[in-house]
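In: Can you look at this prediction? I've put the sequence above it.
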Amino acid sequence: MTVAPPTPSILVDLAMVLGVAALTTVACQRLRLPVVVGYLLAGLIIGPHVPVPLVADPGNVHTLSELGVILLMFSLGLDFSLKKLLRTGPSATLVALIQGGFMAWSGYLVGRFLGWSSLESVFAGAALSISSTMIIARVFAALNTKGPLAELVLSTLIVQDLLAILLLALLTAVGSGAGLSLPALLFTISRLAGFLVVVLALGRWILPRFVRWVADAGNSETLLVTVVGLCFTFSLLAAKAGYSVALGAFLAGMVVAESGRERLVEHLVHPLRDMFVAVFFVSIGMQIDPAQLLPNWQGLLLFGGLVLVGKIISGALGGLLGGHSLRNSIRAGAGLAQIGEFSFIIVALGQSLGVVGPALFPVLAATCAWTTLSTPLLIQHSERVADGIERLLPGRLRHFLMHHRAAMGHLRNLPFRKATWSPLRRPLGHLLLDSLVVILVGVLGALIQRALTPYLETRGLPHRLALYLVWALMAGGALWFSLGILKQVRGMARIIADRATLAAGLETEAVGDAIRLMLELALGSMVALPMAAILQPLMPPGLMPTLVLAGSLLVAFLFWKRMGALPQGLVEGSEGLVRRRRPPSGDRPE
């Protein structure tokens, strides 16, 4: 009698994952729920925390989910290029940096409020700072959302995906302990830069030609095997170099995109990617322990509320500062008000490094589920909310926002000429240098604090007084460079405002002055919020929120004062434009 060979366990687990996921996603489609919710529910069913007689091996499912991460990052790399990033313009970068910096900073504060460790709170803030490309793309396709809104949101996601790649590399250093040492962190960053230069330089000149040659041969199967092989090879190289496999897959996608055949490759990889991304979300659901949800109800409420309120407000602020209409800015913030695949990749990295505890994952998964459900509703109803807010705004402020939008619109339509924008090169370099020095002073202050505070305490000073004395000395050291940041921001804002008002034909000095303030606020926010997110873990808990609150009140006072300088006649002349009849539905032009 012939004995049948044992069935491989990974085959059993794959059949269980896909079979249960098929049933749950079909049910979600019937109920008009996002398929991501079905994947998470499937993971919950076959996970070890629910008493259902279907339990998959977490190790096997995790291995399969890594394939989903790699293929997802490869697809993002295919869709990314420096030319595309330049084409999206500074508005997307502005929204991404303001929203990402605010969410990373506030997410860290919420984590510390919940009693989590400093490193765990860093990972929590980073996870909240990135929105979901996959979820938003599917929601926009279902709602047939196009025009300026879709362009702004999808361009912002491109920048956020790039920032997420940088976050993965830096968090690997921080989680492994290098971030606690300034020399080790600088060495890690320089090693990462060298790795990127070598991989991209070799890949740019050799591999695109090879991919183009394979694609032109006309055999789709050979092309699919070739590019997937390159994807996993780059992931292996990144892992061997001590980085995330996601980074290697993203670089592979960028290299293949240089071949000019990225659309064909994306069409071939798309079904394979979707299948393993489904496995990835199922693996996330398997790690949700329902018993952890009730004890962490505070985290569920705080993180869910922060994602909804914080992302909408910060995204809308970035859109307004970038010169978009109030309506599209609020709708863009609503479209970005969720978390997704990158958030779980970041937290999974923290778990693998042993710095993220068991409480964060179920809180993040529940936040992802209900913000995914709320995203279509937010997009659909945000236009009505935006109209109500616009009607409540003072006429002077509506008038100014109209002129600022017109000026920025003309500025975006100007052809890019190096001679026109060359005056920005020098102040931008000084701005980056001064910002880097302030961050280094903050890191140095954290190191000095550990050594000097115990010494001052032995001299009879209370702990809090000794702590703030050390940071007052550090603030004095960073004051010169902080003033340099302010000087460069004001100089760059003046240059851009002059070009914007000239392009828009706005000759009123008061309007130009107010636009300069908006640009100062935009550039300052792009620098200040990411710096706050970076420096917050190094400083005493209440110091940075106090500084941010004081700065916000000062900016609000200066802004309202500038509004009072606008000519009343121009305000009255703009009221008719504000009250004119609008189209009943659909995306409206900027």
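Out: Structure's in. What do you need?

In: Counting by contacts, list what the longest helix along the chain packs against.
Out: For the chain, the helix with the greatest residue count under DSSP state H is helix 463-504. The contact analysis (3 or more C-beta pairs under 8 Å, 6 or more residues apart in numbering; DSSP states H and E) places helix 463-504 against helix 395-413, helix 425-458, helix 509-535. The C-beta positions use only the backbone N, C-alpha and C, and glycine is treated the same way.

In: which element is Arg191 on?
Out: For Arg191, the element it lies in under DSSP states H and E is helix 182-205.

In: Past that helix, which element shows up next along the chain?
Out: Following helix 182-205 in sequence, per DSSP H and E, is helix 207-216.

In: what separates the next helix or strand after that following helix from the chain centre, distance-wise?
Out: Once helix 207-216 ends, the next helix or strand along the chain (criterion: DSSP H and E) is helix 220-240. Its chain's C-alpha centre and that of helix 220-240 lie 26 Å apart, by C-alpha atoms, centre = their mean, to the nearest Å.

In: could you dump the following helix or strand past helix 220-240 to CSV, C-alpha only?
Out: Remark: after helix 220-240, the chain's next helix or strand is helix 245-257, criterion DSSP H and E. Extracted C-alpha coordinates of helix 245-257, given in CSV (Å, rounded to 0.1, in the frame of the first residue of the first chain):
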residue,chain,number,x,y,z
VAL,A,245,13.3,44.2,2.4
ALA,A,246,10.7,46.9,1.6
LEU,A,247,13.5,49.4,0.8
GLY,A,248,15.1,46.9,-1.6
ALA,A,249,11.8,46.2,-3.3
PHE,A,250,11.1,49.9,-3.7
LEU,A,251,14.5,50.5,-5.3
ALA,A,252,13.9,47.6,-7.7
GLY,A,253,10.7,49.2,-8.8
MET,A,254,12.4,52.5,-9.4
VAL,A,255,15.1,50.8,-11.5
VAL,A,256,12.6,48.9,-13.6
ALA,A,257,10.6,52.1,-14.1
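
In: got the angle between helix 245-257 and helix 220-240?
Out: Relative orientation of helix 245-257 and helix 220-240, computed by axes from the mean of the first three to the mean of the last three C-alpha atoms, to 10 degrees: 140 degrees.

In: Tell me what angle helix 245-257 forms with helix 207-216.
Out: Inter-element angle recorded for helix 245-257 and helix 207-216: 70 degrees (by the same axes, to 10 degrees).

In: What is helix 245-257 packed up against?
Out: When contacts are defined as 3+ C-beta pairs under 8 Å, 6+ apart, helix 245-257 packs onto helix 58-78, helix 148-175, helix 182-205, helix 207-216, helix 220-240.

In: following that helix, which helix or strand comes up?
Out: helix 262-286.

In: Relative to the whole chain's centre, how far out is that next one?
Out: The chain centre lies 21 Å from the centre of helix 262-286; the measure is C-alpha atoms, centre = their mean.

In: Also stretch 40-60?
Out: Chain-centre distance of stretch 40-60: 30 Å, with C-alpha atoms, centre = their mean.

In: got the buried residues for that stretch?
Out: Using 16 or more other C-beta atoms under 10 Å as the test for burial, stretch 40-60 gives 40-47, 49-50, 55-58, 60.

In: and if you look at stretch 273-284?
Out: In stretch 273-284, counting by 16+ other C-beta under 10 Å, buried: 273, 275-284.

In: hmm, who's touching that stretch?
Out: Residues outside stretch 273-284 that contact it (C-beta atoms under 8 Å, 6 or more residues apart in numbering): 14, 17-18, 20-21, 25, 35-36, 39-40, 42-43, 46, 58, 61-62, 64-65, 67-69, 71-72, 74-75, 134, 341, 344, 361, 365.

In: again with stretch 153-163
Out: Outside of stretch 153-163, the residues that reach it under the criterion C-beta under 8 Å, 6+ apart are 76, 79-80, 84-85, 88-89, 91-93, 95-97, 99-100, 129-131, 133, 136-137, 140, 315, 332, 335-336, 342.

In: Out of those, which end up buried?
Out: Here, 16+ other C-beta under 10 Å leaves 76, 79-80, 88-89, 91-93, 95-97, 99-100, 129-131, 133, 136, 140, 315, 332, 335-336, 342 buried among the contacts of stretch 153-163.

In: And for Thr226, nearest residue in space, chain neighbours not counted?
Out: Of all residues not flanking Thr226 in the chain, Val214 sits nearest, at 5.0 Å (C-beta to C-beta, 6 or more residues apart in numbering).

In: for Leu268, same thing?
Out: Nearest non-adjacent residue to Leu268, counting by C-beta to C-beta, 6+ apart: Leu224, 4.5 Å away.

In: Looks like the one you found contacts Val269 (just checking).
Out: Yes: at 7.0 Å, Leu224 and Val269 qualify as touching, with contact defined as C-beta atoms under 8 Å.

In: pLDDT averaged over the longest helix of the chain, what's the number?
Out: Mean per-residue pLDDT for helix 463-504: 78.

In: That one relative to helix 425-458, how many degrees between them?
Out: Put simply, helix 463-504 runs at 170 degrees to helix 425-458, going by the same axes, to 10 degrees.

In: between Leu224 and Val269, who's got more neighbours?
Out: Between Leu224 and Val269, Val269 has the larger neighbour count (other C-beta atoms under 10 Å), namely 21 against 17.

In: ok, back up a step: residue contacts, the residue nearest to Leu268?
Out: Residues near Leu224 by C-beta under 8 Å, 6+ apart: 265, 268-269, 272.

In: nearest to Pro537, of those?
Out: Nearest to Pro537 among those, counting by C-beta to C-beta, is Val269 at 37.9 Å.

In: need the helices and strands packed on helix 245-257 in CSV with distance to Glu383 and mean pLDDT, can you?
Out: As requested, the helices and strands packed on helix 245-257 are arranged in CSV below (distance: least, C-beta to C-beta, whole Å; pLDDT from 0 to 100):
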stretch, distance to Glu383, mean pLDDT
helix 58-78, 29, 79
helix 148-175, 9, 78
helix 182-205, 41, 68
helix 207-216, 43, 85
helix 220-240, 40, 86
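
In: how about those helices in TSV, adding distance to Ser525?
Out: Output for the helices and strands packed on helix 245-257, formatted as TSV (distance: least, C-beta to C-beta, whole Å):
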stretch	distance to Ser525
helix 58-78	26
helix 148-175	15
helix 182-205	24
helix 207-216	38
helix 220-240	33
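
In: wait, which of those is closest to Gly442?
Out: Judged by C-beta to C-beta, the one of these that comes nearest to Gly442 is helix 182-205, at 10.4 Å.

In: distance of Gly335 from Ile379?
Out: Distance of Gly335 to Ile379, given as C-beta to C-beta, to the nearest Å: 5 Å.

In: try Leu364
Out: From Leu364 to Ile379 the distance is 22 Å (C-beta to C-beta).

In: do the same with Val159
Out: In this view, Val159 and Ile379 are 20 Å apart by C-beta to C-beta.

In: Same question for Phe123.
Out: Plainly put, Phe123 is 28 Å away from Ile379 if you go by C-beta to C-beta.

In: The two: who's more crowded?
Out: A count of neighbours by other C-beta under 10 Å puts Phe123 above the other of Phe123 and Ile379, at 30 against 21.

In: tell me which element that one falls in.
Out: In this assignment (DSSP H and E), Phe123 forms part of helix 118-128.

In: same deal with Leu320?
Out: Judged by DSSP H and E, Leu320 forms part of helix 311-321.

In: Identify the residues contacting the following helix or strand past that helix?
Out: Using DSSP H and E, the next helix or strand after helix 311-321 towards the C-terminus is helix 326-335. For helix 326-335, contacts defined as C-beta under 8 Å, 6+ apart pick out 95, 99, 136, 139-140, 148-149, 152-153, 156, 311-320, 324, 375, 378-379, 382-383, 385-387, 389-390, 393, 401, 588, 590.
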